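Novice: A predicted structure for the sequence below; I have some questions about it.
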There are 2 protein chains.
Amino acid sequence: VAIEAGILEKNDRIAARNRALLWAKGIATINLMSSPGAGKTALLEKTARVMGPEIEIAVIEGDQETERDAERMRAAGVRALQINTGAGCHLDAAMVGRALGTLEPRDGSLLLVENVGNLVCPALFDLGEQAKVVIASVTEGEDKPLKYPHIFRAADVLVLNKIDLLPHLELDADRLVGHAERVNPQLRVFRVSATRGDGIDAWCEWLRAQVERAAGKSTAHT
Amino acid sequence: VAIEAGILEKNDRIAARNRALLWAKGIATINLMSSPGAGKTALLEKTARVMGPEIEIAVIEGDQETERDAERMRAAGVRALQINTGAGCHLDAAMVGRALGTLEPRDGSLLLVENVGNLVCPALFDLGEQAKVVIASVTEGEDKPLKYPHIFRAADVLVLNKIDLLPHLELDADRLVGHAERVNPQLRVFRVSATRGDGIDAWCEWLRAQVERAAGKSTAHT
């Protein structure tokens, strides 16, 4: 436990440095976390296609192996850098710090960080982001916020994805959202189908507000 | 890295002790691993209902919080013990060793261990099981075995679950299975719908063979 506290403390120091750097440049950084297969990359592809023409977007992709997600994001028209964690189960602030040096996101841009698919470990590691988003797929069942509360408690936003599949599932989406809100009453919820497009406008509106907030931080800084 | 190696070595020692104990009693122990929401508990419920009348089954449930899964298993007619890991992201051999002392599974029984929902960390931790099973849902996408290869490499069996949803998805199940077999050519694959019942007979047949194998170990031991 002492070792873990040391690791988290060191991570928090590097995250604070990332955050200061990102805010000085007015970059809105969003940390996206979910189980594998909840649709993080599909959501980012859709987001890039909708918002790419109006806002400069860069993406950091975390996976144990392969360059696949970064390639998908480049195909969606945005700059992307892949981090492979090997046996590692989450991104940490040092990885993101190094990625910032390579990717060099522009001042005033939107930086989307797709964490390793894992509903547990990423919750503990601050990356220096402005906001944390947890994505849950309706196929995962109603009780996930109760069984994995840490990540739902750490998040600012819940994106409930794959709502196009609801007619084929025995699942009450309101109960799922109720469980999430019980764990974290401050949670902002968007119900989305990343593939079909439902709810994407409201999600992008929230992202635009994040970009404006980061611009405000930058102005305050200079 | 040195610290992690020490933790894994200690875990392996306790796992070896669990394994010796379980095999002396002819108990077939299966470690079930997946992302949250892939349907581990639903698969175990179905398995308990089909095989419960013929074979004594006990279940160890791992979750960060709540007693929900153990309650579901008891409702399905089997003895179940819940382990709550708190911030922890996987079961380890010491947790299972303690659970064995409380649960006391009968000689010759089938012991199903449902790991914490996580496609990354459980791959590293031997629990003393006879076989490892990874469950993937078709809703998680085709590329998960390539992006999270460690757990697919560690597993003896892949249960591809929720095949009843295939008509509503843009997913080629053969490609998913091909990716898994590329990562692990020894992998045995069952295509299943735990809720509708497809493929459950073949899965239970494999479990019966595991019970027979454990009985053979026990006979060899005495």
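Specialist: Received, thanks. Numbers count the residues shown, from 1 in each chain, chains lettered A, B, ... in the order given.

Novice: where are the low-confidence patches of chain A?
Specialist: Filtered on pLDDT under 70, chain A yields the residue ranges A:1-3, A:221-222.

Novice: quick one, helices of it?
Specialist: Assigned by DSSP state H, the helices in chain A fall at A:2-24, A:40-51, A:68-75, A:93-103, A:144-147, A:149-154, A:173-183, A:200-221.

Novice: I'd like to know which elements the fourth one is packed against.
Specialist: Packing partners of helix A:93-103 (3 or more C-beta pairs under 8 Å, 6 or more residues apart in numbering or on different chains; DSSP states H and E): helix A:2-24, strand A:57-63, strand A:79-84. All C-beta spots, glycine's among them, are computed from the backbone N, C-alpha and C.

Novice: Now it: buried residues?
Specialist: A:93-97, A:99-100 (16 or more other C-beta atoms under 10 Å in any protein chain shown).

Novice: Report the central residue of chain A.
Specialist: A:Leu32 (1.2 Å; C-alpha atoms, centre = their mean).

Novice: That residue pairs with what?
Specialist: A:Glu114, A:Val133 (DSSP bridges).

Novice: Would you confirm that it contacts A:Glu129?
Specialist: No: counting by C-beta atoms under 8 Å, A:Leu32 does not reach A:Glu129; the two are 9.3 Å apart.

Novice: Return every residue with contacts to both of the two.
Specialist: Shared contacts of A:Leu32 and A:Glu129, defined by C-beta atoms under 8 Å, 6 or more residues apart in numbering or on different chains, are found at A:Val113.

Novice: Can you pull the phi and psi angles for A:Asn184?
Specialist: phi -150, psi 90 (degrees, to the nearest 10).

Novice: Quick one: neighbours of it, just the number.
Specialist: Residues lying near A:Asn184 (other C-beta atoms under 10 Å in any protein chain shown) number 18.

Novice: Quick one: the helices and strands packed on helix A:93-103 as JSON lines, columns for mean neighbour count too.
Specialist: Supplementary listing: those in JSON lines, determined by neighbours: other C-beta atoms under 10 Å in any protein chain shown:
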{"stretch": "helix A:2-24", "mean neighbour count": "14"}
{"stretch": "strand A:57-63", "mean neighbour count": "26"}
{"stretch": "strand A:79-84", "mean neighbour count": "20"}
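
Novice: Could I get the ones you listed in TSV, plus columns for distance to chain B?
Specialist: Listed next are those as TSV, based on distance: least, C-beta to the nearest C-beta, whole Å:
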stretch	distance to chain B
helix A:2-24	6
strand A:57-63	5
strand A:79-84	9
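
Novice: can I get the helices of chain A in JSON lines with distance to B:Gly52?
Specialist: JSON lines is the format used below for these (distance: least, C-beta to C-beta, whole Å):
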{"stretch": "helix A:2-24", "distance to B:Gly52": "40"}
{"stretch": "helix A:40-51", "distance to B:Gly52": "38"}
{"stretch": "helix A:68-75", "distance to B:Gly52": "41"}
{"stretch": "helix A:93-103", "distance to B:Gly52": "47"}
{"stretch": "helix A:144-147", "distance to B:Gly52": "24"}
{"stretch": "helix A:149-154", "distance to B:Gly52": "31"}
{"stretch": "helix A:173-183", "distance to B:Gly52": "28"}
{"stretch": "helix A:200-221", "distance to B:Gly52": "45"}
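
Novice: Go through those helices and name the closest to B:Glu170.
Specialist: Among the helices of chain A, the nearest to B:Glu170 by C-beta to C-beta is helix A:40-51 (10.4 Å).
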